[in-house]
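S.K.: Predicted model, plus sequence, below.
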Amino acid sequence: MKMSQKTPDKDDDQTSTNKKSLSLPTSRVRLIMKSSPDVSCINHDALFLTTKATELFVQHLAVSSYTNRAEKETKSLSYSDLANSAEENDTFQFLTDILPKKILAGDYLKSLEQLQEDDDDADF
């Protein structure tokens, strides 16, 4: 008597477990990775690790920004909290161009005029 019962492979079981542990859609991460001209094909393991690393990075940024936020009484995270964290934390210093602090147009124009006056004074 033969029993034909298929046993799942360990790799298949790990792959389904790995996919369940991800929050970001791997199809979007793959699309972003393929947008680079240097990338021609993407290994499944590389895609998984890149997606997981991205999730962990975003989580670290969010937790750091939440603990250092300006308004401690609120339980929300705002853009300014992320921008402050990027500017003040050395780990996130590379994000200052992507997450600049918001300034009012009037304040920007005043600082621009001040810079022009300083340049005019330096020319003399």
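M.R.: Looks like it arrived, so ask away.
S.K.: For Pro100, which three-state class applies?
M.R.: Look at Pro100: counting by DSSP: H, G, I helix; E, B strand; the rest coil, its state is coil.
S.K.: wait, Ser64 sits on Phe92?
M.R.: Yes: contact criterion Cβ atoms under 8 Å: Ser64 and Phe92 qualify, at 7.3 Å. Every C-beta, even on glycine, is put in place using the N, C-alpha and C of the backbone.
S.K.: Could you tell me which residues touch both of these two?
M.R.: Common contacts of Ser64 and Phe92 (Cβ atoms under 8 Å, 6 or more residues apart in numbering): Ser85.
S.K.: Settle it for me: which of the two has more neighbours?
M.R.: Neighbours of Ser64 and Phe92, each counted by other Cβ atoms under 10 Å, are more numerous for Phe92; the result is 21 against 18.
S.K.: how close does the nearest residue to that one once chain neighbours are set aside sit to Asp119?
M.R.: In space, and not counting its chain neighbours, Phe92 is closest to Ala86: 4.4 Å by Cβ to Cβ, 6 or more residues apart in numbering. Going from Ala86 to Asp119 by Cβ to Cβ, to the nearest Å gives 28 Å.
S.K.: May I have the helix or strand hosting Ser65 as PDB, with CA atoms only?
M.R.: In this assignment (DSSP states H and E), Ser65 forms part of helix 44-67. In PDB, the C-alpha atoms belonging to helix 44-67 read as follows (Å, rounded to 0.1, in the frame of the first residue of the first chain):
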ATOM      1  CA  HIS A  44      14.600  36.500  -4.700                       C
ATOM      2  CA  ASP A  45      16.900  36.500  -1.700                       C
ATOM      3  CA  ALA A  46      18.300  39.900  -2.600                       C
ATOM      4  CA  LEU A  47      14.800  41.300  -3.100                       C
ATOM      5  CA  PHE A  48      13.700  39.900   0.300                       C
ATOM      6  CA  LEU A  49      16.700  41.300   2.100                       C
ATOM      7  CA  THR A  50      16.400  44.700   0.500                       C
ATOM      8  CA  THR A  51      12.700  44.900   1.400                       C
ATOM      9  CA  LYS A  52      13.300  43.800   5.000                       C
ATOM     10  CA  ALA A  53      16.200  46.200   5.400                       C
ATOM     11  CA  THR A  54      14.100  49.000   4.000                       C
ATOM     12  CA  GLU A  55      11.300  48.200   6.500                       C
ATOM     13  CA  LEU A  56      13.800  48.100   9.400                       C
ATOM     14  CA  PHE A  57      15.300  51.400   8.300                       C
ATOM     15  CA  VAL A  58      11.900  53.100   8.100                       C
ATOM     16  CA  GLN A  59      10.900  51.700  11.500                       C
ATOM     17  CA  HIS A  60      14.200  53.000  13.000                       C
ATOM     18  CA  LEU A  61      13.600  56.400  11.500                       C
ATOM     19  CA  ALA A  62      10.000  56.500  12.800                       C
ATOM     20  CA  VAL A  63      10.900  55.300  16.300                       C
ATOM     21  CA  SER A  64      13.800  57.800  16.600                       C
ATOM     22  CA  SER A  65      11.600  60.700  15.300                       C
ATOM     23  CA  TYR A  66       8.800  59.700  17.600                       C
ATOM     24  CA  THR A  67      11.000  59.700  20.700                       C
END
